[in-house]
Every structure is written in structure tokens, then in C-alpha cells.
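J.: Build the 3D model from these lines:
(chains A, B and C)
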Amino acid sequence: MNMQLARILPEVILTITGVIIMLAEPLLQKNSSRKPLGWFAVLGTLAALFASMWQLHLPDGTAYFGTVQTDAYSVFFHVLIAGIVLATLLVSLDSIDGSAESVGEFFALICFGAVGMMLMTSAVELLLVFIGLEISSISTYIMACFRRKSAKGPESAIKYFLLGSFATAFFLYGIALIFGATGTTAIAAIGRILTVGQTPLLAVVGLAMILIGIGFKVSAAPFQVWTPDVYEGAPSPVVGLMSTAPKAAAFAVLLRILYVAFPLLHYHWQPLVWWMAVLSMCVGNLGALRQQNVKRMLAYSSIANAGYLLAAFTALSQEGVAAASFYAVTYAAMNVGIFAVVSHAGGFGDRLTLVQDYRGLAYRSPLLGGAMAFFLISLIGIPFTGGFFGKFYVFAAALHSGMVWLTIIGLINSGIACYYYLRLLAAVYSKPVHTDLLDGIPRPTMPLLLALVLTVAATLILGIVPGQVLSLARAGANTLVPYVTTAMK
Amino acid sequence: MVPISYYLVLSAILFSIGVGAFLIKRNIITVFMSIELMLNAVNLTFVAFAHQWRHVSGQIFVFFVMVVAAAEAAVGLAIIIAIFRTRNTLNVDQVDLMKL
Amino acid sequence: MTTWPLAIYFAAVLFIVVVMLGVSYVLGQRHRDPATASQYESGIVSQGSARSRVSVKFFLVAALFVVFDLEAIFLFLWAVTGRELGWPGYIETLIFAGVLLAAFIYLLRTGALDWYQTAFDKERS
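T.: This next block holds a predicted model:
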């Protein structure tokens, strides 16, 4: 088989799946269900998942003029993204109205978005990073606007779109300045050039611009303002996707850029990332305290979680990279899971919005209530859930690198976070008030059950036997290690 | 020959104008145009550096930026039309159903 | 480099402009009629505001045109280096064009390019 093609095999599979769905959509009868297309997308994603795992057997190397690289690191994030997309497709199959207008487009867009995110994680050339970032962003802009007849849908989409494009411009300007400073846009080559001689000022400014751009995309403070509005207005399955997969991809890219291209400049970026982490944790958790809307609360929670993840970045060690990768997985598992519950309970049109609307969910449906409680417990970070080990490894890595204050601030923040997660948990298990709202919740369907099993199992496995995933994360981090050790000197 | 710093200063000014307009302007279309201005400032930087390094990769980058900007423009206009249909206004201050 | 031809050229341009304006000022007639200040003085009287709303179809076609138009620059890039890239380059370009074709077929099938509303369109809206 063509070696070059093998390196982008998962992306090729997902692209073909998306194009077939796109072409099949208008061929179907107007009122017929589009759900078979969704199942086809599930199949394509599964194939891409296995293709990514198979890539692990390839020798590490680059293809297409040194633009893509497959290694343990890229495979780790490929599998994560494929898993998130799989769960999101199942959740959408449950909550979306199969015969509604252009639903096939929705499934195709999820596939295309996944292609972009996967390309980001295996890109070793800033040009490809940019293209992947844009493929994933443009797909999510459209998905955020999917309820275009509602008042909030387009508003959420325009905010996402404008700030996302604004961030892209900053990211690009950063790349342009780095290209000016080094004469190349290949990530490894930038690192090699910057190790000899004096560091050009242009490169430092470019790095700051890239940090701003990615900061917007991962909704880290102080670039987080768009997050609550966008999450509130976008359809719940889409929020489950865009709060995890594109962020995981953006974090993967940021790790690669910081550690491979700018290991020696860590004097500059480490304090910046430190402040971004602290601000994100504080803004996220304090902001979530006063939210009555569940999706807004989870949006602030996602800002806080971006902060925890950034805390691992500052560790400047293989352990830190591994902890960040591991945290991305645990956060994805529990967040996709909780949005699966929110999607099913609220439906595509968000019938349940406020925390008090969820009162008595556990009485109406013990399954949904139990699943929600489980994910909330994991988000709090109680042992035997993935959330516990995620936070544990992040703070352990930070502590080992002497980041005592960061760890203390992080632990205080985890304490604050308990309050708002517990408020939702208490609502779920208290006596019902709005029985009419809860009675509208349909019976869980097969795809939802599959998605819940997938996310609950992932969260449990990460919480009880994290060793396997952690060793994979370490193997991934090892591919960045030569550069990490340069940074340590 | 015009020294490269002229191009860089010009593109930095254009980029700053774009950022300023993005923050100040109230019409969504104008805000959107200021993003395009920022992207074009980036393009100018790329071309200037590509000329300085005698390296074609900067120009390739510009092609991709242009194409992506076009795709973004199409999606952005579609979203703006959707906003106009539900809200009948394009003023950012009035697109505020959701507040912090 | 000699600059005097440029100076003469500039002077000539200035002279012609001044003469044309001056002669018409001296010889021309002046009048103030109701239509003098209107746009297109001797043309058709314009009606309504220029800020009328345009049908959304125009936006749709414009947006689609911009996308497809700019995608074509990759074909130009390939045309420049076509011989060096050889058959692999040709095949990759075919794949690229194939994806564009798929998008085009999708547009045709969904009726995005039908100028008049089709039955399919009406059912959807």
C-alpha cells in the first residue's frame, strides 16, 4: 500500500464517508428518515478509529513533503477524536429529528470537522495546522447555526464565527512573523533554527500571537468571552462535540508547537501559559457559580477545565505532556457524556434549560439521572472516576516541576467547583417540580444507550485502571521528549 | 527597491486597523470586513517575507489563506443572513438575547 | 536619467486640461432647470431608494461563486508546475477536482442553483 496514503488513512476514510453522505442526502425522499446516513457516518468513524490504531504499526515518519507525521502522539489524539465523534454521532442520532431539513448535512459536517481535527494533530507544518484548524472551525460554525429558525441559534453562531475568525487572523499573523524570523513554517525546522544564535524578536512576537489565537480556540481566559453564549445557543450534541474534540486538537497542536518549535523560548511562554491557566481556572469556576442555565454553567466549567489542562503545559516535562494528554481524554469522556444526557433530556431544541428544570430527573428516569450524577461526580474529581486521575496527574506534574502556587490555586479551584456541580446534582435528585417538562422526555433510544455506555465505561476505566491509557499518553509524550529535554537545559 | 520594513510596517498598520475596527464597529458586515482586512494584512506579511527569504512557501501560504478566507466569507454571509431573518437587524448591540 | 520629457508631458497635460475647462467655461451656456441637479440629467428619471433589499438568491449565488472561483487558483498552481509533478500530481489534481465536482453535484441536487423556486424548494421552505 502507498506509504504516503497510509499516513493520512483515517482522514481519507472520513472524507469519503462525508462526501458520500453529502451526495446521498438530496437523493433521499423528502420525508424519509436521514438516520441511515447517521449510521453510515458511525461506520465511517469506526473505520477511521481502527485505521488510526493500525497506524501505530507504521514506523514513525512524515509524508507529503514533511507536512504530516504519524507517531504515538498523533495516534493518541486521533483515537480520542474518533471516539468523541463516535459518541457525538450516536447522541445526535438520538436527539435529532431524522426527517427534518438537511439532517444529512449535519452528519457530513461532523465527519468533515473530524478530518480537520485529525489533520491538526498529525500536522508538523504550520500550513497544515492552519488548514486543519479551519476545516474543523468552519464545520463547527455551521453546526452551531443548525437551529437557524430559532432566535438563539444564529446569534450563537455569529458570535462563534466572528471571534473564531478573529482568533484565526491572530494565529496566522503569528505564523507569518515566525516565517519571517526563521524562513520556514515546518515546526521541527523552526525549533532547529531557533536553537542556534540569538532569538529574533519577531519569533517571540509571533509566538505570543499564536498563543492568543489558540487561546481563543480553546476558550482559555482572558480569551473566553464567547464561550457561554455560544454553548447556550448551539444544539446540545454540537456543544458536546465542540467543547471537547476541537479543543483536544488545538491543545495537541499547542503542545507540539510549544515543545517542538519553541523549547528554548520557554522563558517567554511558560509565564504566559501560567497566567492563562490561573485566569482560566478562576474565571471559569467563579463564573459558573452564578449560572442558572445548565449549558452556560457547563461552558464556564469547560473554561475552568481548559485552565487545568494548561497547568500541565507549564510542567516542561514528559510527565506534563502525558498528564495534559490524559486530562484531554478524561475531560472528553465525562463532558461528552454529560452533554449526551443534556441532549436527550432537553432535545435538539433545548426544552430544559435551567438548573431547576432538571429537578427530579432521577425520579422521572433513574438511568438519565444516574448517568448525570456519575458524570458530575467525575467532573468534581472524586476517586474511582476519570476526573480524579486527570486532575491528580496534572497537579502532580505541576508540583514536580516546582509549580507550588499553581497547584494550590488549582486545588482551591477544584474545591469551588464542587459547589456548582453539587447544586445540579442536588437538583437532579430532589423532588420534581415541573413534571410537565420532565414528562416530555422521550424514552432513551438505542444510540443514546450506546453513547452512554461508551462514555460511562471510558470514565470508569480511566478512574479505576488508568494505567493503560496513561502509558499510551506517555508513549505519545515520548515523541516530544527530545525537544522537552532541550527545554529543560 | 522598497525595503522590507516598509511592507511590514504597512501590514502591521493594516492589521491594527482591522483589530480596531473589529472592536469598535457595530455593524456585523463591517466587523466581518475588518477580519478580512486582518487576513489581507497577514497575506502582505507573508509575501514580503517570501520575497526576503527567496522562498516560495510564504506565497503558497497566501493562496491557502485566500481560499480559506473565501470559504469563511461564504459561511459568514450565510450566518449573517440567518441572523437578519430572525432578528431584522445587523447591529451587534441588538444581537444580545444572551448576556453574561 | 533625463526628466525633461516628463516635465514637458506634465506641462502639456496641464495645458490641455486648463484649455478644455476654460474654453467650455467661456463659450458654454448656463441654465438652472429642475433636472439640472438630478443624476443622469438627460436620462431616465430615477425612482425609489437605491437601498432596496435584494433577493437572497443573489447572495447565495455570489457566495457560491466566490468559493468556486477561488478554489480554481489551485488549478493555476498545478498548471504552472504540471510537467514537474507528472502523473502523481495529475491524479491528485483529479481528486481535488473530483471533490469540487461532488460539491457542485450537491448544489445542483439541493436546488441551490435553481433561479426559480422548484417544487422541491417550495416543499422545503
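
J.: how about the helices of chain B, start to end?
T.: B:4-24, B:28-53, B:57-87 (DSSP state H).

J.: cool, chain C as well?
T.: Under DSSP H, chain C gives helices at C:4-27, C:56-71, C:73-110, C:119-124.

J.: Please identify the most buried of the ones you listed.
T.: Greatest average neighbour count among the helices of chain C goes to helix C:56-71 (a mean of 15), per mean count of other CB atoms under 10 Å in any protein chain shown. In short, each C-beta sits where N, CA and C put it, glycine included.

J.: In PDB, list the C-alpha atoms belonging to that one.
T.: The C-alpha trace of helix C:56-71 is given here as PDB (Å, rounded to 0.1, in the frame of the first residue of the first chain):
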ATOM      1  CA  VAL C  56     -31.400  36.400  -1.000                       C
ATOM      2  CA  LYS C  57     -30.700  34.400  -4.200                       C
ATOM      3  CA  PHE C  58     -28.100  36.900  -5.300                       C
ATOM      4  CA  PHE C  59     -26.200  36.500  -2.000                       C
ATOM      5  CA  LEU C  60     -26.400  32.700  -2.500                       C
ATOM      6  CA  VAL C  61     -25.000  32.800  -6.000                       C
ATOM      7  CA  ALA C  62     -22.400  35.400  -5.000                       C
ATOM      8  CA  ALA C  63     -21.100  33.300  -2.100                       C
ATOM      9  CA  LEU C  64     -21.000  30.100  -4.200                       C
ATOM     10  CA  PHE C  65     -19.200  32.000  -6.900                       C
ATOM     11  CA  VAL C  66     -16.600  33.300  -4.600                       C
ATOM     12  CA  VAL C  67     -15.900  29.800  -3.200                       C
ATOM     13  CA  PHE C  68     -15.600  28.000  -6.500                       C
ATOM     14  CA  ASP C  69     -13.800  30.900  -8.100                       C
ATOM     15  CA  LEU C  70     -11.000  30.900  -5.500                       C
ATOM     16  CA  GLU C  71     -10.700  27.100  -5.400                       C
END
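
J.: now the residue nearest the centre of chain C, nearest residue through space, not along the chain?
T.: Centroid-nearest residue in chain C, with CA atoms, centre = their mean: C:Ala62, separated by 10.6 Å. Nearest in space to C:Ala62, with sequence neighbours left out and distances taken as CB to CB, 6 or more residues apart in numbering or on different chains, is B:Leu77 at 8.0 Å.

J.: And A:Arg423, by the same measure?
T.: Counting by CB to CB, 6+ apart, the residue nearest A:Arg423 is A:Val355, at 6.3 Å.

J.: With A:Thr195 instead?
T.: Using CB to CB, 6+ apart, the nearest residue to A:Thr195 is A:Leu264, at 5.9 Å.

J.: does that neighbour count as helix, strand or coil?
T.: Here A:Leu264 is recorded as helix under DSSP: H, G, I helix; E, B strand; the rest coil.

J.: thought it was touching A:Gly197?
T.: No - applying CB atoms under 8 Å as the test, A:Leu264 and A:Gly197 come out as separate, 10.9 Å apart.

J.: which of the two has more neighbours?
T.: Taking other CB atoms under 10 Å in any protein chain shown, A:Leu264 and A:Gly197 do not tie; A:Leu264 has more neighbours (16 against 7).

J.: where does chain C come near chain B, residue by residue?
T.: C:56, C:59, C:62-64, C:66-67, C:69-71, C:73-74, C:77 (CB under 8 Å from any CB of the partner chain).

J.: want to throw these into TSV with distance to A:Gly370?
T.: Listed next are the residues of chain C next to chain B as TSV, based on distance: CB to CB, whole Å:
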residue	distance to A:Gly370
C:Val56	47
C:Phe59	48
C:Ala62	52
C:Ala63	47
C:Leu64	48
C:Val66	50
C:Val67	47
C:Asp69	54
C:Leu70	51
C:Glu71	50
C:Ile73	55
C:Phe74	52
C:Leu77	56
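
J.: re the thing from before, using a markdown table, lay out the helices of chain C together with mean pLDDT and distance to A:Trp226.
T.: As requested, these are exported to a markdown table (pLDDT from 0 to 100; distance: least, CB to CB, whole Å):
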| stretch | mean pLDDT | distance to A:Trp226 |
| --- | --- | --- |
| helix C:4-27 | 91 | 55 |
| helix C:56-71 | 86 | 24 |
| helix C:73-110 | 90 | 29 |
| helix C:119-124 | 50 | 31 |
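
J.: Ok, which of those helices comes nearest A:Leu279?
T.: Comparison of these against A:Leu279 by CB to CB identifies helix C:56-71 as nearest, at 37.9 Å.

J.: What are the contacting residues of that closest one?
T.: B:66-67, B:70-71, B:73-74, B:77-78, B:81, C:100, C:104, C:107, C:112-113, C:115 (CB atoms under 8 Å, 6 or more residues apart in numbering or on different chains).

J.: Repeat the analysis, applying 10 Å as the threshold.
T.: For helix C:56-71, the surrounding residues in contact (CB atoms under 10 Å, 6 or more residues apart in numbering or on different chains) are B:63, B:66-78, B:80-81, B:84-85, C:54, C:96-97, C:99-100, C:103-104, C:107, C:112-117.

J.: Setting the sequence-adjacent residues aside, check what's closest to A:Leu437.
T.: Setting aside the residues directly before and after it, A:Leu437 is nearest to A:Asp357 in space (CB to CB, 6+ apart), at 5.6 Å.
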